[in-house]
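Novice: everything below, folded, please.
(one chain, ligands or ions: 1)
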Amino acid sequence: MQSLSLLDIAPTLAEFFGIPLTSRVLPVEQILKFAHTRNPQVVVLVVIDSLDYQVYSDFADELAVLHELAERNDGLLFECETVSNHTTPAIASILTGLEPESHGIITSEDVGKSKVNSILEILDDAGKPTAVVLETAGTKPLAGRISYVFPVDDREDIIEYDELIKTHTISVLKKHEEVRFVFSHLRAIDRFAHRGWDLRVAARVTNENMSAIAKAVGERNGMLVICGDHEAHLKEREESQGKATVPLIVCCP
Ligand SMILES: [Zn+2]
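Specialist: Residues are numbered from 1 along each chain as shown. A predicted model of the protein is given here:
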(Lines give C-alpha, C1' and ligand atoms only; values in the text may rest on other atoms or scores of the structure.)
Protein backbone atom coordinates (compact mmCIF):
# COMPACT_ATOMS: atom_id res chain seq x y z
CA MET A 1 0.00 0.00 0.00
CA GLN A 2 1.43 3.36 -1.10
CA SER A 3 1.94 5.85 1.71
CA LEU A 4 0.52 9.31 1.16
CA SER A 5 -0.30 12.39 3.18
CA LEU A 6 -3.53 14.35 3.53
CA LEU A 7 -1.84 17.02 1.39
CA ASP A 8 -2.12 14.75 -1.67
CA ILE A 9 -5.92 14.86 -1.90
CA ALA A 10 -6.55 18.43 -3.15
CA PRO A 11 -3.81 18.44 -5.84
CA THR A 12 -5.10 15.11 -7.17
CA LEU A 13 -8.72 16.34 -7.36
CA ALA A 14 -7.55 19.64 -8.89
CA GLU A 15 -5.65 17.78 -11.61
CA PHE A 16 -8.67 15.58 -12.32
CA PHE A 17 -10.92 18.63 -12.71
CA GLY A 18 -8.24 20.57 -14.61
CA ILE A 19 -8.06 23.50 -12.20
CA PRO A 20 -4.93 25.25 -10.84
CA LEU A 21 -3.94 24.98 -7.18
CA THR A 22 -1.27 26.78 -5.11
CA SER A 23 0.00 23.51 -3.60
CA ARG A 24 3.22 22.15 -5.06
CA VAL A 25 2.35 18.61 -4.07
CA LEU A 26 2.07 16.29 -7.08
CA PRO A 27 -1.17 14.48 -7.85
CA VAL A 28 -1.42 10.77 -7.03
CA GLU A 29 -1.21 8.96 -10.39
CA GLN A 30 -3.07 5.86 -9.18
CA ILE A 31 -6.09 7.95 -8.10
CA LEU A 32 -5.99 10.03 -11.28
CA LYS A 33 -5.98 6.91 -13.42
CA PHE A 34 -8.90 5.51 -11.41
CA ALA A 35 -10.85 8.75 -11.84
CA HIS A 36 -10.11 9.21 -15.53
CA THR A 37 -11.05 5.60 -16.30
CA ARG A 38 -14.42 5.95 -14.58
CA ASN A 39 -15.07 9.57 -15.57
CA PRO A 40 -17.41 10.29 -12.61
CA GLN A 41 -20.18 12.87 -13.03
CA VAL A 42 -19.65 14.10 -9.48
CA VAL A 43 -16.98 13.66 -6.80
CA VAL A 44 -18.07 13.46 -3.16
CA LEU A 45 -15.43 13.92 -0.45
CA VAL A 46 -16.49 12.86 3.04
CA VAL A 47 -14.17 13.56 5.96
CA ILE A 48 -14.92 11.31 8.93
CA ASP A 49 -13.66 13.16 11.99
CA SER A 50 -11.13 11.16 14.08
CA LEU A 51 -11.18 8.15 11.76
CA ASP A 52 -7.53 7.23 12.09
CA TYR A 53 -5.99 4.07 10.70
CA GLN A 54 -6.17 2.25 14.02
CA VAL A 55 -9.87 3.04 14.49
CA TYR A 56 -10.48 1.94 10.88
CA SER A 57 -8.78 -1.41 11.63
CA ASP A 58 -10.00 -1.97 15.21
CA PHE A 59 -13.63 -1.36 14.25
CA ALA A 60 -13.54 -3.20 10.93
CA ASP A 61 -16.76 -5.10 11.78
CA GLU A 62 -18.67 -1.93 12.67
CA LEU A 63 -17.20 -0.08 9.65
CA ALA A 64 -17.83 -2.95 7.21
CA VAL A 65 -19.21 -0.63 4.52
CA LEU A 66 -15.97 1.37 4.42
CA HIS A 67 -13.91 -1.80 4.13
CA GLU A 68 -16.18 -3.08 1.35
CA LEU A 69 -15.94 0.20 -0.55
CA ALA A 70 -12.14 -0.01 -0.36
CA GLU A 71 -12.13 -3.56 -1.72
CA ARG A 72 -15.05 -3.82 -4.13
CA ASN A 73 -14.88 -2.67 -7.80
CA ASP A 74 -11.11 -2.07 -7.58
CA GLY A 75 -11.57 0.58 -4.90
CA LEU A 76 -8.35 2.13 -3.59
CA LEU A 77 -7.12 2.28 -0.01
CA PHE A 78 -4.16 4.37 1.17
CA GLU A 79 -2.64 5.14 4.53
CA CYS A 80 -2.13 8.90 4.80
CA GLU A 81 0.09 10.79 7.19
CA THR A 82 -1.79 13.50 9.04
CA VAL A 83 -0.75 17.16 9.16
CA SER A 84 -2.27 18.22 12.50
CA ASN A 85 -3.94 16.89 15.64
CA HIS A 86 -6.91 19.20 15.16
CA THR A 87 -9.89 19.30 12.87
CA THR A 88 -9.81 22.86 11.49
CA PRO A 89 -6.19 22.93 10.21
CA ALA A 90 -6.47 19.32 8.99
CA ILE A 91 -9.58 20.00 6.91
CA ALA A 92 -8.04 23.20 5.52
CA SER A 93 -5.02 21.12 4.45
CA ILE A 94 -7.24 18.45 2.88
CA LEU A 95 -9.00 21.16 0.84
CA THR A 96 -5.91 23.20 -0.13
CA GLY A 97 -3.02 20.73 -0.29
CA LEU A 98 -1.02 23.10 1.93
CA GLU A 99 0.62 22.54 5.32
CA PRO A 100 -1.14 24.36 8.22
CA GLU A 101 1.72 26.90 8.42
CA SER A 102 1.10 27.79 4.76
CA HIS A 103 -2.70 28.14 4.82
CA GLY A 104 -2.69 29.67 8.31
CA ILE A 105 -6.09 28.26 9.31
CA ILE A 106 -5.35 26.97 12.80
CA THR A 107 -8.42 27.80 14.89
CA SER A 108 -12.06 28.42 13.95
CA GLU A 109 -11.26 32.15 14.37
CA ASP A 110 -9.00 31.92 11.30
CA VAL A 111 -11.70 30.38 9.08
CA GLY A 112 -12.60 32.90 6.40
CA LYS A 113 -9.56 35.10 7.06
CA SER A 114 -7.11 33.07 5.01
CA LYS A 115 -6.32 34.46 1.54
CA VAL A 116 -5.74 30.95 0.25
CA ASN A 117 -8.60 29.55 -1.82
CA SER A 118 -9.52 25.90 -1.40
CA ILE A 119 -10.57 23.60 -4.23
CA LEU A 120 -14.16 24.48 -3.30
CA GLU A 121 -13.90 28.12 -4.38
CA ILE A 122 -11.51 27.40 -7.27
CA LEU A 123 -13.80 24.73 -8.74
CA ASP A 124 -16.88 26.90 -8.42
CA ASP A 125 -15.07 29.87 -10.02
CA ALA A 126 -14.10 27.57 -12.89
CA GLY A 127 -17.79 26.86 -13.57
CA LYS A 128 -17.89 23.53 -11.78
CA PRO A 129 -20.64 23.95 -9.17
CA THR A 130 -19.65 22.91 -5.67
CA ALA A 131 -21.60 22.13 -2.49
CA VAL A 132 -20.62 21.81 1.17
CA VAL A 133 -22.48 20.22 4.07
CA LEU A 134 -20.78 21.44 7.23
CA GLU A 135 -21.14 22.81 10.72
CA THR A 136 -22.70 26.29 10.50
CA ALA A 137 -19.60 28.26 11.58
CA GLY A 138 -17.43 26.50 9.00
CA THR A 139 -19.83 27.35 6.17
CA LYS A 140 -19.96 31.12 6.82
CA PRO A 141 -16.88 32.10 4.75
CA LEU A 142 -18.19 29.98 1.86
CA ALA A 143 -21.65 31.59 1.65
CA GLY A 144 -21.85 33.48 -1.63
CA ARG A 145 -18.52 31.98 -2.75
CA ILE A 146 -19.76 28.59 -3.89
CA SER A 147 -23.03 27.34 -5.38
CA TYR A 148 -24.58 25.43 -2.47
CA VAL A 149 -23.95 25.73 1.25
CA PHE A 150 -25.84 23.52 3.70
CA PRO A 151 -25.10 24.58 7.28
CA VAL A 152 -25.86 22.21 10.14
CA ASP A 153 -25.95 23.69 13.64
CA ASP A 154 -23.70 22.05 16.21
CA ARG A 155 -25.66 20.24 18.92
CA GLU A 156 -25.33 17.86 21.84
CA ASP A 157 -27.02 15.05 19.90
CA ILE A 158 -24.20 14.22 17.49
CA ILE A 159 -26.11 11.27 16.02
CA GLU A 160 -28.86 13.67 14.97
CA TYR A 161 -26.15 16.04 13.65
CA ASP A 162 -24.61 13.35 11.43
CA GLU A 163 -28.07 12.29 10.28
CA LEU A 164 -28.61 15.85 8.98
CA ILE A 165 -25.19 15.87 7.27
CA LYS A 166 -26.11 12.61 5.54
CA THR A 167 -29.58 13.81 4.52
CA HIS A 168 -28.30 17.08 3.00
CA THR A 169 -25.47 15.28 1.19
CA ILE A 170 -27.91 12.84 -0.41
CA SER A 171 -30.38 15.57 -1.27
CA VAL A 172 -27.70 17.65 -3.06
CA LEU A 173 -26.86 14.60 -5.17
CA LYS A 174 -30.51 13.99 -6.00
CA LYS A 175 -31.64 17.58 -6.60
CA HIS A 176 -28.68 19.36 -8.17
CA GLU A 177 -27.42 17.41 -11.16
CA GLU A 178 -25.01 20.17 -12.19
CA VAL A 179 -22.96 19.87 -8.98
CA ARG A 180 -19.53 18.39 -9.68
CA PHE A 181 -18.04 18.35 -6.18
CA VAL A 182 -19.56 17.87 -2.73
CA PHE A 183 -17.72 18.11 0.59
CA SER A 184 -19.25 16.75 3.82
CA HIS A 185 -17.96 16.20 7.36
CA LEU A 186 -19.26 13.51 9.76
CA ARG A 187 -18.43 13.94 13.47
CA ALA A 188 -19.93 11.16 15.61
CA ILE A 189 -16.69 9.16 16.02
CA ASP A 190 -14.81 12.27 17.17
CA ARG A 191 -17.46 13.23 19.72
CA PHE A 192 -17.64 9.69 21.13
CA ALA A 193 -13.82 9.51 21.34
CA HIS A 194 -13.59 12.80 23.25
CA ARG A 195 -16.33 11.76 25.71
CA GLY A 196 -14.92 8.27 26.25
CA TRP A 197 -18.18 6.70 25.01
CA ASP A 198 -18.51 3.34 23.26
CA LEU A 199 -16.86 3.87 19.88
CA ARG A 200 -18.63 0.83 18.44
CA VAL A 201 -21.89 2.79 18.56
CA ALA A 202 -20.42 5.77 16.70
CA ALA A 203 -18.71 3.47 14.19
CA ARG A 204 -22.00 1.68 13.43
CA VAL A 205 -23.84 4.98 12.97
CA THR A 206 -21.08 6.25 10.67
CA ASN A 207 -21.23 3.00 8.73
CA GLU A 208 -24.99 3.37 8.16
CA ASN A 209 -24.58 6.99 7.05
CA MET A 210 -21.77 6.10 4.67
CA SER A 211 -23.82 3.24 3.26
CA ALA A 212 -26.64 5.66 2.38
CA ILE A 213 -24.24 8.27 0.96
CA ALA A 214 -22.44 5.61 -1.12
CA LYS A 215 -25.75 4.47 -2.58
CA ALA A 216 -26.62 8.04 -3.61
CA VAL A 217 -23.14 8.54 -5.12
CA GLY A 218 -23.55 5.29 -7.05
CA GLU A 219 -26.90 6.41 -8.44
CA ARG A 220 -25.19 9.51 -9.87
CA ASN A 221 -22.26 7.51 -11.30
CA GLY A 222 -20.06 9.45 -8.92
CA MET A 223 -16.74 8.88 -7.22
CA LEU A 224 -16.59 8.75 -3.44
CA VAL A 225 -13.48 9.81 -1.54
CA ILE A 226 -13.44 9.11 2.21
CA CYS A 227 -10.72 10.02 4.69
CA GLY A 228 -10.07 10.80 8.34
CA ASP A 229 -8.66 14.14 9.49
CA HIS A 230 -6.41 13.32 12.46
CA GLU A 231 -5.60 10.77 15.12
CA ALA A 232 -8.50 9.90 17.47
CA HIS A 233 -8.08 11.49 20.90
CA LEU A 234 -8.64 8.37 22.98
CA LYS A 235 -7.97 8.43 26.70
CA GLU A 236 -6.78 4.82 26.84
CA ARG A 237 -4.38 5.27 23.94
CA GLU A 238 -0.90 6.76 24.21
CA GLU A 239 -0.17 9.62 21.82
CA SER A 240 1.64 7.97 18.93
CA GLN A 241 5.31 8.80 18.75
CA GLY A 242 5.63 8.95 14.99
CA LYS A 243 3.21 10.62 12.62
CA ALA A 244 -0.33 9.35 12.91
CA THR A 245 -2.04 7.95 9.83
CA VAL A 246 -5.60 7.94 8.57
CA PRO A 247 -7.25 5.87 5.82
CA LEU A 248 -8.04 7.33 2.41
CA ILE A 249 -10.57 5.39 0.35
CA VAL A 250 -11.32 6.15 -3.30
CA CYS A 251 -14.16 4.25 -4.90
CA CYS A 252 -17.03 4.28 -7.36
CA PRO A 253 -19.86 2.61 -5.39
ZN1 LIG B 1 -11.32 16.25 13.81
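Novice: residues of the helix or strand that contains Ala193 that come out buried?
Specialist: Ala193 belongs to helix 188-195 when assigned by DSSP states H and E. Buried residues in helix 188-195, counted by 16 or more other CB atoms under 10 Å: 188-193. In this view, the C-beta of every residue, glycine as well, is placed from N, C-alpha and C.
Novice: helices or strands next to it in the packing?
Specialist: Here helix 188-195 touches helix 158-175, helix 199-219, going by 3 or more CB pairs under 8 Å, 6 or more residues apart in numbering; DSSP states H and E.
Novice: repeat the analysis, applying 10 Å as the threshold.
Specialist: Other helices and strands packing on helix 188-195, by 3 or more CB pairs under 10 Å, 6 or more residues apart in numbering; DSSP states H and E, are strand 43-48, helix 158-175, helix 199-219.
Novice: burial measure for whichever residue of the chain sits closest to the ion, as a count.
Specialist: With CB to the ion, the shortest gap between the chain and the ion falls at Thr87, namely 3.0 Å. Residues lying near Thr87 (other CB atoms under 10 Å) number 19.
Novice: what sits against it?
Specialist: For Thr87, the contact set (CB atoms under 10 Å, 6 or more residues apart in numbering) comprises 47, 49-50, 108, 135, 138, 185, 187, 190, 229-230.
Novice: could you redo the last one with a cut-off of 7 Å?
Specialist: Listed by CB atoms under 7 Å, 6 or more residues apart in numbering, the contact partners of Thr87 are 49, 229-230.
Novice: same check on Val111?
Specialist: Neighbouring residues of Val111 by CB under 7 Å, 6+ apart: 88, 105, 138, 141.
Novice: burial of Asp61, as a residue count?
Specialist: By the criterion of other CB under 10 Å, Asp61 has 11 neighbours.
Novice: what is the burial count for Gly144?
Specialist: A count of neighbours around Gly144, defined by other CB under 10 Å, yields 7.
Novice: ok, it to Ala126 distance?
Specialist: From Gly144 across to Ala126, the span is 17 Å (CB to CB, to the nearest Å).
Novice: kindly report the same for Trp197.
Specialist: 42 Å.
Novice: hmm, stretch 233-253 in reach of the ion?
Specialist: No. Using CB under 5 Å from the ion, stretch 233-253 never reaches the ion; the gap is at least 8.6 Å.
Novice: please shift the residue numbers so they start at 223 in all later answers.
Specialist: Right, with 223 as the first residue, what we last looked at is stretch 455-475.
Novice: tell me how far the ends of that stretch are from each other?
Specialist: 30 Å (CA to CA, to the nearest Å).
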